[in-house]
Structures are given as structure tokens and as C-alpha cells.
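Colleague: Here's a sequence, model it:
(one chain, ligands or ions: 1)
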Amino acid sequence: MTYTQPELPYDADALAPVISQDTVDFHYGKHEKAYIDNLNRLIKDTEFEDMDLEDVIRTAKGPLFNNASQAWNHIFYFFSFTPQGSDEPKGELRKAIDRDFGSLDAFKKAFEDAGAGLFGSGWVWLSRDQDGKLLITQESNAGNPMTSGLTPLLTFDVWEHAYYLDYQNRRADALHRLWDIVDWEVIESRY
Ligand code: MN
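Modeller: Prediction:
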């Protein structure tokens, strides 16, 4: 199997000014393309070639894990956004947010703080466990909570390449602005 990079469901300039066209072009167009190209090269003629990508992430180590997980993480990240923004989360996900974090605002603050406080490169995640309980976790580098048996719902990329063109060293500002473009209908559908 050869992985192909899906086209984004919005134009490259559509998320500006939260995420500029330059950042989408470099981050999705070049960084993500490189992860997918590396993934294809690393699985070729191996036991991983016809394995589901999620299973590759759960079982591979080293460069294959890094590129497989980064390939998956970036699609998950970029497909969480909508140029128009969206209404607040509703339904079962909203109930779980209020139950596990107290309020939507308290959840957003905790999520931003976890992302801003992650040392070096990585991702901050909202996931659910098998009982539907929500957890915020920090993962370094290519890390993904699937490897801990959790179901990912939302992630913000805190690698510098995700925000440096637009926000330079102001990671906390970059994360705070992302709420304006999160598509909560997509996040709800993952719960
Ligand atoms: Mn990235």
C-alpha cells in the first residue's frame, strides 16, 4: 500500500490570520508531505506494508514509528479546523467536558497550558478512555495517545514549525487563537 496525502477541505489561505497561508503551505505542503514520503519508503517490502496505519503506530519503533505517527497526527490536526469556526461543542462530548473539566473555558485553559508547558517539540491531546472519561495528555515528538490505549479527539501541534512563521516564540498565543477555527462537529464525531 502506498499512502497519498489527502487534500485539505479548505483553501490554503482560508485559515488566516489564525494560521497563515505560508504556514499551511510549509507545514502541510512540505513537512507533512515529507513524513508521508518517508512512511512509504520505510514500509516498502516490509511486514508493515499492508498493515493499518493505526496498527503501524501501535507497533513500530524508531524512524518508522516517528514518520507513521507524524503522518497520522498532521492529518488529524489539519482536519480539525474550519475557516468559519463553529458553535460550541454539544451533546455527549459537551457533557463529558463539563463533567471532567468543570466547564468549556476551564478545559480550554487546561489544554492551552498543557501545550504551552510541553518542553520541546510535541503535541497536546484530548482523548477519551474506554469508559468515555476525557484526558489531556502531552506527547513529545511524534507521540500519539493511541499507543496508551486512548482514543484521540483533538490535538494541537506544538512543534515550532506549526507556529513560528506567524507567532515566532509566542506558542501560548498561537494555541489560544486555534479555538477560533476548531470544528467542534468533527471533534464530537470522534467521541
Ligand atoms: Mn507539525
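Colleague: Which strands and helices lie in contact with the helix or strand where residue 110 lies?
Modeller: Assigned by DSSP states H and E, residue 110 belongs to helix 104-116. Here helix 104-116 touches helix 91-101, strand 122-128, strand 134-140, strand 151-157, helix 171-178, going by 3 or more CB pairs under 8 Å, 6 or more residues apart in numbering; DSSP states H and E. In short, each C-beta sits where N, CA and C put it, glycine included.
Colleague: Go again with 7 Å.
Modeller: Packing partners of helix 104-116 (3 or more CB pairs under 7 Å, 6 or more residues apart in numbering; DSSP states H and E): helix 91-101, strand 122-128, strand 134-140, helix 171-178.
Colleague: now the top helix by length along the chain against strand 134-140, angle please.
Modeller: Looking across the chain with DSSP state H, the single longest helix is helix 62-78. Interaxial angle, helix 62-78 versus strand 134-140 (axes from the mean of the first three to the mean of the last three CA atoms, to 10 degrees): 130 degrees.
Colleague: who's in contact with helix 62-78?
Modeller: The contact list for helix 62-78 (CB atoms under 7 Å, 6 or more residues apart in numbering) reads 3, 6, 8, 28, 32, 35-36, 38-39, 42, 48, 53, 56-57, 60, 123, 141-142, 144, 152, 155, 157.
Colleague: Tell me the residues of the protein that contact the ion?
Modeller: 157, 159, 162 (CB under 5 Å from the ion).
Colleague: how deep is the first one tucked in, by neighbour count?
Modeller: Look at residue 157: counted by other CB atoms under 10 Å, it has 24 neighbours.
Colleague: before we move on, what about residue 19?
Modeller: 27.
Colleague: how about it, what does it touch?
Modeller: residue 166.
Colleague: Distance check, it against residue 132.
Modeller: With distances taken as CB to CB, to the nearest Å, residue 19 is found 31 Å from residue 132.
Colleague: Could you do residue 93 as well?
Modeller: 10 Å.
Colleague: Compare these two (neighbour count), which wins?
Modeller: residue 93 (21 against 14).
Colleague: Find the residue closest to the more buried one in space, skipping its chain neighbours.
Modeller: Nearest residue to residue 93, sequence neighbours excluded (CB to CB, 6 or more residues apart in numbering): residue 191, at 4.3 Å.
Colleague: If I look at that neighbour, what pLDDT would I see?
Modeller: As predicted, residue 191 sits at a pLDDT of 95.
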